[in-house]
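Undergrad: Curious how this folds, go ahead:
(2 chains)
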2 protein chains.
Amino acid sequence: MKATILHGSGDVRCEEVAEPRILKPTDAIIRLAASCICGSDLWPYRGANQITEPMAMGHEYCGIVEEVGSAVTSVRPGQFVVGSFCLSDNTCSHCRVGFQSSCVQREFMTGAQAPLARVALADGTLVALAEKPADDLIPDILAVSDVLGTGWYAADAARVQPGSTVAVVGDGAVGLMGVLAARQMGAGRIIAMSRHKQRQDQALEFGATDIVSERGDDGIARIKELTGGIGADSVLECVGTEQSMSQALKSARPGAMVGFVGVPHGVQLDGQFLFFTQVGMLGGPAPVRRFLPHLIELVLQRKIRPGKVFDLELPLSDVAEGYKAMDERRAIKTLLRL
Amino acid sequence: MKATILHGSGDVRCEEVAEPRILKPTDAIIRLAASCICGSDLWPYRGANQITEPMAMGHEYCGIVEEVGSAVTSVRPGQFVVGSFCLSDNTCSHCRVGFQSSCVQREFMTGAQAPLARVALADGTLVALAEKPADDLIPDILAVSDVLGTGWYAADAARVQPGSTVAVVGDGAVGLMGVLAARQMGAGRIIAMSRHKQRQDQALEFGATDIVSERGDDGIARIKELTGGIGADSVLECVGTEQSMSQALKSARPGAMVGFVGVPHGVQLDGQFLFFTQVGMLGGPAPVRRFLPHLIELVLQRKIRPGKVFDLELPLSDVAEGYKAMDERRAIKTLLRL
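TA: Below you'll find the predicted structure:
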């Protein structure tokens, strides 16, 4: 089959590889309904990580079960399933308290920018739908797997409450999903920080009530101004740089929580600063598995349309262009037809 | 009157000063029922802060109102009152969400190791009791003002839940009050980290179920062992050093919260470490005002006896010995008779 392989910085190819097969009795093989490129795929694409051997890319997926290992009991061939980018047993102590992304058996999904993919820990990871969803809902269901689940976790970790004021730092796909999540959780005011007209419009469509286009001290001042000098009750940090984290912490009121889901790169935090600003933090890889049943239900009821975050659609054979468009910020998120 | 003045590192004296007087219409003057020395008083005593002029020491207090400014409406002379070490208006946006320690008008109390003290923002800060408490309850009521309120906030910020497992880092007075707070909040297991027999015994008396005397990696391993490899659901960081913060973060399970109330000295946190351990944090100066009514009630009903944290009692004239005993860890906390 043709699959997506990263060979080095800026060098991603759609090329022939062997089909995945069951390696452990707890595995499943699924035939993907669609695939996509994640903002986090750009870190290795841009050379932030050393690439020592070709990497099978892709960790967002939904589709039909082809085959299951002998120990798999909760899903069967023919079912339409969705899973998280974090593979988890969903039975360990961390899973049981809703932190499946720190499962003691955790693995990270790979190789999902391809027609077929192997999913380890299938029983714990996959959620089966009653039936195959309507075709137009496939992008929405696919979004649940990571980008929506991650934005949702940012809002959950930031303890968004009905009526509260939320600031979202980052206008990438995750930030936009954070806006959607905050809206669903009943936030009264959602301030999206964005300098790009198209992304501002998307944020407004997903539920933002205010746009702040300033950055740095000016951006913080603007948020303070919009909140009567107080700061936001919850802040979603969806980037992962020193600047974005600083922006998030300084935009929050004392006692607020910052939910941070952008993998921090070069971020150092001063203990005394955190103490006296009195802003709380909780982040990490999103435990999407916790939210899957609820998010799937919202999609199937058409209450949310997270698939609108895809603004570029390409055949898998053009995956290199998909990476390039996202790298150059011409696209927010690329859907890959298989 | 005689009051406590810090002149330089290790040089604290009980000496004659002018009596405090009303400076603003929102002030009150109170006659203290007792006073005490705080662990945080040891920072300047030990020279951690530059002392450029003599400092009037003491920020924990309860006693009878002597006089109020013209704008004070909620307390009157003759009433027995308690307040927080953070003076707050209790009406601003930060106060209204329970973060009075970040009040927009916040001041820090000073000069309370003395028979009389001025309390600014009296209406917002002071809580009046229906009557003067029994003499034997004075140490308990005094403890509410800071040390208990701070331990309570640590437990609140760490989101201690009924039945949960709590680890307390720090066996000073605040740590011991954190144990008491966790017990009151219904924690199922309370692991106190302490190497000192007397403090271990105190921790057990306040409600600890387990003692860990190891430190560093050994201490973390022991907590993991006690929690089936998982880590604690909530951790109270009551010291403020790099080592204690590291111990706290590494003792927590993913998704846990660390409530940190020791003023961080030289603590730097790595963003990626926080991300992948997935441990949350909330700290800062405790908003004791939020908890005052509840804590006073618990004391008056004799459900808690936080005053047991005082293990040395001295007349104010011997305040220098009180500091010395705490500095040398011969005493946990010194009560000063006035």
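Undergrad: What ranges does the stretch 151-300 of chain A have for its helices?
TA: A:173-184, A:197-206, A:216-226, A:242-250, A:271-277, A:288-300 (DSSP state H, counting those that start in this stretch).
Undergrad: among those, which is nearest chain B?
TA: Ranking the helices of the stretch 151-300 of chain A by proximity to chain B (CB to the nearest CB) places helix A:271-277 first, at 2.9 Å. For every residue, glycine as well, the C-beta is placed using N, CA and C.
Undergrad: helices or strands next to that closest one in the packing?
TA: helix A:242-250, strand B:268-270, strand B:280-283 (3 or more CB pairs under 8 Å, 6 or more residues apart in numbering or on different chains; DSSP states H and E).
Undergrad: so who does the residue nearest to residue A:164 when sequence neighbours are not counted touch?
TA: Setting aside the residues directly before and after it, residue A:164 is nearest to residue A:233 in space (CB to CB, 6 or more residues apart in numbering or on different chains), at 4.0 Å. Counting by CB atoms under 8 Å, 6 or more residues apart in numbering or on different chains, residue A:233 makes contact with A:160, A:161, A:164, A:165, A:166, A:252, A:253, A:256, B:97.
Undergrad: give me the number of residues near the residue in the stretch 101-250 of chain A positioned nearest to chain B?
TA: With CB to the nearest CB, the shortest gap between the stretch 101-250 of chain A and chain B falls at residue A:102, namely 3.4 Å. Residue neighbour count, defined by other CB atoms under 10 Å in any protein chain shown, stands at 24 for residue A:102.
Undergrad: wait, what's in contact with it?
TA: A:94, A:284, A:285, A:287, B:253, B:254, B:255, B:278.
Undergrad: I'd like to know how far the last one sits from chain A.
TA: Distance, residue B:278 to chain A, by CB to the nearest CB, to the nearest Å: 3 Å.
Undergrad: my read: that residue touches residue B:252, true?
TA: No - look at residue B:278 against residue B:252 with CB atoms under 8 Å: they stay out of range, at 9.1 Å.
Undergrad: How is chain A divided into domains?
TA: Per automatic domain parsing, the structural domains of chain A span A:2-148+A:287-337, A:151-283.
Undergrad: got JSON lines for those, with mean pLDDT too?
TA: JSON lines is the format used below for the domains of chain A (pLDDT from 0 to 100):
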{"stretch": "domain A:2-148+A:287-337", "mean pLDDT": "97"}
{"stretch": "domain A:151-283", "mean pLDDT": "97"}
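Undergrad: Quick check: which of those domains is buried the most?
TA: domain A:151-283 (a mean of 23; mean count of other CB atoms under 10 Å in any protein chain shown).
Undergrad: Skipping its backbone neighbours, what lies nearest residue A:270 in space?
TA: Closest to residue A:270 by CB to CB, 6+ apart is residue B:268, at 6.3 Å.
Undergrad: That neighbour: what's it in contact with?
TA: Contacts of residue B:268 by CB under 8 Å, 6+ apart are A:268, A:269, A:270, A:271, B:242.
Undergrad: Compute the distance between it and residue B:180, please.
TA: Residue B:268 sits 31 Å away from residue B:180, taking CB to CB, to the nearest Å as the criterion.
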